[in-house]
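Enquirer: What would the 3D arrangement of this be:
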Amino acid sequence: MTKTKAILIERHGGPGVLVERDIQLRDPAPDEVELRVHAVGVNFADLLMRAGLYDTVPPRPYSPGFEVAGEITRIGSRVTEWRLGDRAVALLRYGGYACDVLVPSIQLFHYPNTLTPVQAAAIPVVFLTAWVCLFDSANARPGQTVLVLGAGGGVGTAAVQLAVRHGLRVIGTAGTERKRSYVVKDLGAEACFDSRREWEPDIVELVGARGIDIALDSVGGRATAACRRLLAPLGRLVFYGFSEAMPQSKRSWLRAARAWLRMPLIHPLSLVQQNIGISGVHLLHLQTKEVAVLRFALDEIYRRVTDGELHSVVDRVFPLDRAGAAEAHQYIHARENLGKVVLSAADSAS
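Expert: Purely as a prediction, here's the structure:
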């Protein structure tokens with residue numbers, strides 16, 4: 001066993017509850033590698049974990065962090081496709097806020113040498129989520145209209161890029177003028193409306209009575225009801241997040257309950273009558289069952305990044321330590337981030 005440092009959740013609460021500890025790291029199992037972490041992508045689900053609002057977590061204490069970029073430092077006896085010193089990104093269920101992690105080799109992916117670790121770590125979760133929502137779940141096709149809620153966030157900026165490149169008509173919502181301007185002028189959306197006020201009438205005015213073909217919903221609550229009303233015949237609503245349940249830095253069961261109660265009740269017959277479909281996407285639950293789907297998608301995403309068709313939108317980079325992680329969480333809680341927030345190790349070339 002070796003020692004490493006990790007940022008842990010020992011109790012639930014605001015960003016200040018994160019702690020940094022020395023932990024024991026066992027030797028890699030035969031099908032695992034040890035990765036020295038250079039950069040970690042920070043996702044909204046990390047905040048939900050810390051607040052105690054995430055459903056699939058191990059017993060505390062544990063480290064959040066779904067995606068890391070790093071360098072292989074030890075290899076299990078049955079791993080043949082990787083070598084010491086190889087650079088890789090990894091998708092994890094948890095545990096990424098650490099200096100070193102153990103990863104099953106099946107969850108490792110190559111990334112282009114032209115990318116820095118920070119750029120590489122900013123891509124997997126947001127782009128794969130957007131890809132699965134658009135192309136695997138919603139079966140998006142050129143010429144269709146897609147509404148992306150939270151278009152200025154990590155998944156939002158990825159979804160807008162993918163949809164625009166795929167020939168879709170893209171409409172977004174975002175909470176600040178800075179984000180709305182970026183989504184339209186830099187990412188190519190047709191319009192982006194203020195998410196902090198009623199945006200449904202604006203979209204009806206823009207697209208007409210028929211409505212939209214696809215809605216990507218990471219918000220929940222009343223936004224989900226609005227998305228459903230906006231769907232055209234054969235429209236698809238893809239639900240992949242519930243940010244409305246935690247608008248502040250600390251958990252509030254009352255806020256979560258209110259957001260839950262604002263969600264529309266969906267009966268199968270109502271879907272038949274309206275000719276619409278509603279689906280959900282949870283990327284991390286695809287890791288063990290649909291690895292081939294994720295590997296194909298991520299290879300294609302990195303190829304397009306290399307070709308200049310797509311790019312990782314990195315807003316802020318914080319140190320990979322307790323203070324940096326707490327500050328990163330607070331930054332996302334305040335909805336300040338335009339695109340992705342990343343933690344970077346001090347000895348990493350970002």
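Enquirer: who are the neighbours in contact with G70?
Expert: G70 makes contact with 35-39, 87-88, 90, 101, 117, according to C-beta atoms under 8 Å, 6 or more residues apart in numbering. Backbone N, C-alpha and C define where each C-beta goes, glycine included.
Enquirer: Could you measure from it over to A6?
Expert: Counting by C-beta to C-beta, to the nearest Å, the separation of G70 from A6 is 14 Å.
Enquirer: Kindly report the same for T73.
Expert: Taking C-beta to C-beta, one finds T73 at 16 Å from A6.
Enquirer: So for these two, which residue has more residues nearby?
Expert: Ranked by neighbour count (other C-beta atoms under 10 Å), T73 and A6 place A6 first, with 23 against 14.
Enquirer: Then that one would be within a strand, right?
Expert: Yes: assessed by DSSP: H, G, I helix; E, B strand; the rest coil, A6 belongs to a strand.
Enquirer: For it, name its beta-bridge partners.
Expert: Applying DSSP bridges to A6 yields these beta-bridge partners: R21, A98.
Enquirer: So F127, which state does it fall into?
Expert: Per three-state DSSP, F127 ends up helix.
Enquirer: Does it touch D299 like I think?
Expert: No: contact between F127 and D299 fails when scored by C-beta atoms under 8 Å: they sit 11.5 Å apart.
Enquirer: And these two? Which one has more around it.
Expert: Comparing F127 with D299 by other C-beta under 10 Å, the one with more neighbours is F127, at 27 against 13.
Enquirer: got the contact list for G324?
Expert: 318, 343.
Enquirer: element containing it, please.
Expert: Taking DSSP states H and E as the criterion, G324 maps to helix 322-333.
Enquirer: now what about the helix or strand following that helix, what contacts it?
Expert: Once helix 322-333 ends, the next helix or strand along the chain (criterion: DSSP H and E) is strand 340-344. By C-beta under 8 Å, 6+ apart, the residues outside strand 340-344 that reach it are 38-42, 97, 117-118, 121-122, 126, 154, 157, 312-320, 324-325, 328, 331-332, 350.
Enquirer: Show me those that map onto helices.
Expert: Per DSSP state H, helices hold the following members of the contacts of strand 340-344: 117-118, 121, 126, 154, 157, 324-325, 328, 331-332.
Enquirer: which one of those residues sits closest to P58?
Expert: P58 lies nearest to A325 out of these, by C-beta to C-beta, at 18.0 Å.
Enquirer: Number of residues surrounding R303?
Expert: 12.
Enquirer: To clarify, my last question referred to G175.
Expert: Using other C-beta under 10 Å, G175 has 17 neighbouring residues.
Enquirer: likewise M1?
Expert: Neighbour count of M1, defined by other C-beta under 10 Å: 8.
Enquirer: who's in contact with R304?
Expert: When the contact criterion is C-beta under 8 Å, 6+ apart, the partners of R304 are 165, 310.
Enquirer: Repeat the analysis, applying 7 Å as the threshold.
Expert: By C-beta atoms under 7 Å, 6 or more residues apart in numbering, the residues touching R304 are L310.
Enquirer: Return the distance of it relative to A90.
Expert: When distance is defined by C-beta to C-beta, R304 is 21 Å away from A90.
Enquirer: Alpha carbons of the helix holding G324, as CSV, please.
Expert: Extracted in CSV, the C-alpha atoms of helix 322-333 (Å, rounded to 0.1, in the frame of the first residue of the first chain):
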residue,chain,number,x,y,z
ARG,A,322,-9.3,21.3,0.1
ALA,A,323,-9.4,25.1,-0.2
GLY,A,324,-9.6,24.9,-4.0
ALA,A,325,-12.3,22.4,-4.0
ALA,A,326,-14.4,24.4,-1.6
GLU,A,327,-14.0,27.5,-3.6
ALA,A,328,-14.9,25.7,-6.8
HIS,A,329,-18.1,24.3,-5.2
GLN,A,330,-19.0,27.8,-4.0
TYR,A,331,-18.4,29.2,-7.5
ILE,A,332,-20.8,26.7,-9.1
HIS,A,333,-23.4,27.2,-6.3
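Enquirer: Show me what counts as buried in that helix.
Expert: 322, 324-329, 331-333 (16 or more other C-beta atoms under 10 Å).
Enquirer: relative to strand 340-344, how tilted is that helix?
Expert: Relative orientation of helix 322-333 and strand 340-344, computed by axes from the mean of the first three to the mean of the last three C-alpha atoms, to 10 degrees: 180 degrees.
Enquirer: related to what we said a few turns ago, now the contacts of strand 340-344: which count as buried?
Expert: When the contacts of strand 340-344 are checked against 16+ other C-beta under 10 Å, the ones flagged as buried are 38-42, 97, 117-118, 121-122, 126, 154, 157, 312-318, 320, 324-325, 328, 331-332.
Enquirer: Quick check, pLDDT for the residue lying closest to A345 once chain neighbours are set aside.
Expert: The spatial neighbour of A345 that comes closest, neighbours along the chain excluded (C-beta to C-beta, 6 or more residues apart in numbering), is L320 at 4.6 Å. On the pLDDT scale, L320 is placed at 98.
Enquirer: Tell me the spacing between L320 and V101.
Expert: For L320, the distance to V101 - C-beta to C-beta - is 12 Å.
Enquirer: How about V155?
Expert: Distance, V155 to V101, using C-beta to C-beta: 23 Å.
Enquirer: With V207 instead?
Expert: 45 Å.
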